[in-house]
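*Asks:* Model the following, please.
(chains A and B)
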Amino acid sequence: MLSELINPYYLQVATFILLNIILGVSIYITLGTGQLSLGHAGFMSIGAYTSAILTLNYNVPLVIGIIIAAVFTGFIGVLIGFPALRLQGVYLAIATLGFGEVIRVLFINWEGLTNGAIGIRGIPHLGREILSFSESLGFSPGMIGLKNNQFVSLAVFLVLLIISIGVIWFFIRQSNSRIGRAFASIKMDEEASEAMGINITYYKILAFGQGALLAGFAGALYAHLTAYISPSDFGYHRAVEILIFAIFGGSEVIWGPIFGAIFLSTMPEFLRVISEYRFMIYGALLVLMMAFRPQGLIDTNVVNWIKRPRLKKKEGKHGTGNKKDK
Amino acid sequence: MSLLKLQNVSTFYDKIQALRSVDVTVKEGTIVTILGANGAGKTTMMNTIAGLLKPKEGSIQYLGKDVTGLRPDQLLRKGLALVPEGRGILASMTVLENLEMGAYHRNDAEVNADLEKAMDRFPILRERQSQLGGTLSGGQQQMLAIARVIMSKPKLLLLDEPSMGLAPLIVADIFKIIKEINEAGTTVLLVEQNARQALKVADYGYVLETGKVVASGNAKELLQDDTIKKAYLGH
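*Replies:* Just a heads-up that it's a prediction; the model follows:
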């Protein structure tokens, strides 16, 4: 019964959607202080390579590898954050784009460590690690009527689901906190925020570091989901893809990039024919969004509209005043 | 006692010198105004005092201590607050959220009581508390900017052109409010192009020209001074 419902292919698609959600949130955090980064593919690759090399060459347990990779990428993000402070808008975008390319070229040429353009294969796979772990506990997928590959896809999906929910929950909490207010205020008016006593250096670097950490985390997960990485996975296209989640979905509220990631990762699956023209469509989408809805599809108004108190049919229809309640 | 003392302060934008060895003293409890034409360096001076810009030479003393080179957030904690030119309202936060941001560095228990006080003083802000800051009119935004800075409990308040872009009636209101804030015990340093109004509320005035202090004196004397009259007050 259960085994007929579980289709590994759909689960795999859903898993990559969740990974894209994490990437979308990572760019949202950085954009949340008005910093436009095209370096997130670079951060992603640092995370992916760090965890791949640690687990493969040094036999570090997978979970520890992912955590170290995320923290290390966050640290690199903080280092990049300092010079990034001096740059605004498009200049920052260009500089971070350059950073991403430098990282990519570094990984191509540092053959001793990264195996160059061929990439690293045989990276421990998250799903199979979970399988062998549960087998060591005396559990086998057959016991709940699943085939091994079904169990693997299901386990990976559930792990990613829990992680994504955790990430989203954390950043929603953060955006309602002092830190979130400072981020929002810096995005709206840097000078006024400074005059209000917000240490903008600290918060901008914090946002940059958090974005990098999360991108590195997603990169490490990516390495252990595909079991194979090469520098071409983290090129310019990837950076644009991440950015477009936030531009299409919106970068005002966290639901924007989440929606963008879900929508833009699902579409190519349903419309296989357009999949090859994906980047053309992304390009056109960017132009159209900038012209007609620069804030993205989901903004504060949309969220308020969804959250609006729904009036019962017979109430609230009297009078024409548009006075707001407190 | 002087609350703020600038000695020999020079500020540069790269190679361009915007302030030339400026000496300014602000006595506690007074209103001091800085007059000058466009490009005279008034805003540069305010931003230098508030820590947004670092002076290349000279020293700034506040409360008897050298505060040259401190960050704006450090100065704000010491009670030195700036309303920047153009008001700096956070457009997509509500009026209430804007006011709360004014108390960003505070975590004492009186924040809510002060919030109520601020809205008592500006009833229009209470009325509009859930409206977005960006949807207020210019005059309301200026009141919000002043109410917000009061939330930080400043000892010395720097106001950069509070009358900019406002209708004459509202300008009169704003100056009345500035006077009230001063009478409640806050020292005010005011930059204005509206020289006549500014000198009427001020105790002391400085005139800046191309980054230099060219005249200073009691506000009443400056109002009568012939050269000042010609240059800044019209007839």
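*Asks:* And the next helix or strand past the helix or strand B:E221 falls within?
*Replies:* Following DSSP states H and E, the helix or strand that holds B:E221 is helix B:219-224. Where DSSP H and E defines the elements, the next helix or strand beyond helix B:219-224 is helix B:226-228.
*Asks:* and the residue in chain B positioned nearest to chain A, how many neighbours?
*Replies:* Nearest residue of chain B to chain A: B:G88, at 2.6 Å (C-beta to the nearest C-beta). C-beta coordinates here come from the backbone N, C-alpha and C atoms, glycine included. By the measure other C-beta atoms under 10 Å in any protein chain shown, the count of residues near B:G88 is 26.
*Asks:* tell me the secondary structure for it?
*Replies:* coil (DSSP: H, G, I helix; E, B strand; the rest coil).
*Asks:* Can you tell me how far it is from A:G209?
*Replies:* Distance of B:G88 to A:G209, given as C-beta to C-beta, to the nearest Å: 26 Å.
*Asks:* show me where the stretch 101-250 of chain A has helices.
*Replies:* A:111-114, A:126-136, A:148-175, A:178-188, A:190-195, A:200-226, A:236-249 (DSSP state H, counting those that start in this stretch).
*Asks:* ugh, wrong one, chain B
*Replies:* With helices called from DSSP state H, chain B shows them at B:42-50, B:72-77, B:95-102, B:111-121, B:123-127, B:138-150, B:168-183, B:195-201, B:219-224, B:226-228.
*Asks:* between those, which gets nearest to A:Q295?
*Replies:* helix B:95-102 (18.6 Å; C-beta to C-beta).
*Asks:* angle of the closest one against helix B:111-121?
*Replies:* Between the axis of helix B:95-102 and that of helix B:111-121 there is an angle of 130 degrees, by axes from the mean of the first three to the mean of the last three C-alpha atoms, to 10 degrees.
*Asks:* What mean pLDDT does helix B:95-102 get?
*Replies:* Averaged over helix B:95-102, pLDDT sits at 91.
*Asks:* Give me the neighbour count for A:G77.
*Replies:* As a burial measure, A:G77 scores 30 neighbours (other C-beta under 10 Å).
*Asks:* residues in contact with it?
*Replies:* Taking C-beta atoms under 8 Å, 6 or more residues apart in numbering or on different chains, we find A:G77 in contact with A:43, A:208-213, A:215-216.
*Asks:* quick one: it from chain B, how far?
*Replies:* Noted for A:G77: a distance of 23 Å to chain B, by C-beta to the nearest C-beta, to the nearest Å.
*Asks:* Report the residue spans of chain B with pLDDT below the cut-off.
*Replies:* B:233-235 (pLDDT under 70).
*Asks:* rewinding a little: mind giving me the PyMOL command for buried ones among the contacts of A:G77?
*Replies:* Typed into PyMOL, the next command selects the buried ones out of the contacts of A:G77 (criterion: 16 or more other C-beta atoms under 10 Å in any protein chain shown):
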select buried, chain A and resi 43+208+209+210+211+212+213+215+216
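*Asks:* of the contacts of A:G77, closest to A:E276?
*Replies:* A:A215 (26.2 Å).
*Asks:* May I see the contacts of A:G77 arranged in a markdown table, with pLDDT and distance to B:L144 as well?
*Replies:* Listed next are these as a markdown table, based on pLDDT from 0 to 100; distance: C-beta to C-beta, whole Å:
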| residue | pLDDT | distance to B:L144 |
| --- | --- | --- |
| A:F43 | 95 | 39 |
| A:F208 | 93 | 30 |
| A:G209 | 95 | 33 |
| A:Q210 | 95 | 31 |
| A:G211 | 95 | 31 |
| A:A212 | 95 | 36 |
| A:L213 | 96 | 36 |
| A:A215 | 96 | 37 |
| A:G216 | 96 | 41 |
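*Asks:* And the furthest pair within the contacts of A:G77?
*Replies:* Maximum distance among those (C-beta to C-beta): 12.4 Å, for A:F208 and A:G216.
*Asks:* Okay, and A:F263 sits in which element?
*Replies:* Going by DSSP H and E, A:F263 is part of helix A:255-270.
*Asks:* Name the residues of the helix or strand just after that helix that are buried.
*Replies:* Next helix or strand after helix A:255-270 toward the C-terminus (DSSP H and E): helix A:278-292. Neighbour-count burial for helix A:278-292 flags A:281-282, A:289 (criterion: 16+ other C-beta under 10 Å).
*Asks:* Closest to chain B out of the residues you listed?
*Replies:* A:M289 (18.7 Å).
*Asks:* By proximity to chain B, which residue of chain A wins?
*Replies:* For chain A, C-beta to the nearest C-beta, closest residue to chain B: A:A192, 2.6 Å.
*Asks:* Please verify my assumption that that residue contacts B:E85.
*Replies:* No. Using C-beta atoms under 8 Å, A:A192 makes no contact with B:E85, being 10.1 Å away.
*Asks:* neighbour-wise, which of these two wins?
*Replies:* It is A:A192, of A:A192 and B:E85, that has more neighbours when counted by other C-beta under 10 Å, with 23 against 17.
*Asks:* any idea how far B:M101 is from that one?
*Replies:* The separation that A:A192 has from B:M101, given C-beta to C-beta, amounts to 9 Å.
*Asks:* chain center to stretch A:147-156, what's the gap?
*Replies:* How far stretch A:147-156 lies from its chain's middle: 23 Å, per C-alpha atoms, centre = their mean, to the nearest Å.
*Asks:* Going by neighbour count, which residues in it are buried?
*Replies:* A:150-156.
*Asks:* Pick the one among these closest to A:S140.
*Replies:* Of the buried residues of stretch A:147-156, the one sitting nearest to A:S140 (C-beta to C-beta) turns out to be A:F151, at 8.6 Å.
*Asks:* Would you mind naming what in chain A lies close to chain B?
*Replies:* A:178, A:181-182, A:184-185, A:188-189, A:191-192, A:194-199, A:201, A:252, A:300, A:324, A:326 (C-beta under 8 Å from any C-beta of the partner chain).
*Asks:* Of these, which count as buried by neighbour count?
*Replies:* The buried subset of the residues of chain A next to chain B - by 16+ other C-beta under 10 Å - is A:181-182, A:184-185, A:188-189, A:191-192, A:194-199, A:252.
*Asks:* partner residues bridging the residue nearest to the spatial centre of chain B?
*Replies:* Central residue check for chain B by C-alpha atoms, centre = their mean: the C-alpha nearest the mean position is that of B:L159, 1.5 Å away. Per DSSP bridges, the residues bridged to B:L159 are B:V83, B:L190.
*Asks:* residues contacting it?
*Replies:* Applying C-beta under 8 Å, 6+ apart, the residues near B:L159 are B:83, B:146, B:178, B:188-191.
*Asks:* Tell me the one among those residues nearest to A:L271.
*Replies:* B:V83 (53.4 Å).
*Asks:* Next, B:M93: phi, psi?
*Replies:* phi -110, psi 150 (degrees, to the nearest 10).
*Asks:* wait, isn't it in contact with A:A184?
*Replies:* Yes. Taking contacts as C-beta under 8 Å, B:M93 lies within contact range of A:A184: 6.9 Å.
*Asks:* returning to that earlier point: outside of the helix holding A:F263, which residues touch it?
*Replies:* A:13, A:16-17, A:20-21, A:23-25, A:27-28, A:168, A:241, A:244-251, A:274-275, A:278, A:282, A:296-299, A:303.
*Asks:* Cool, thanks, talk later.
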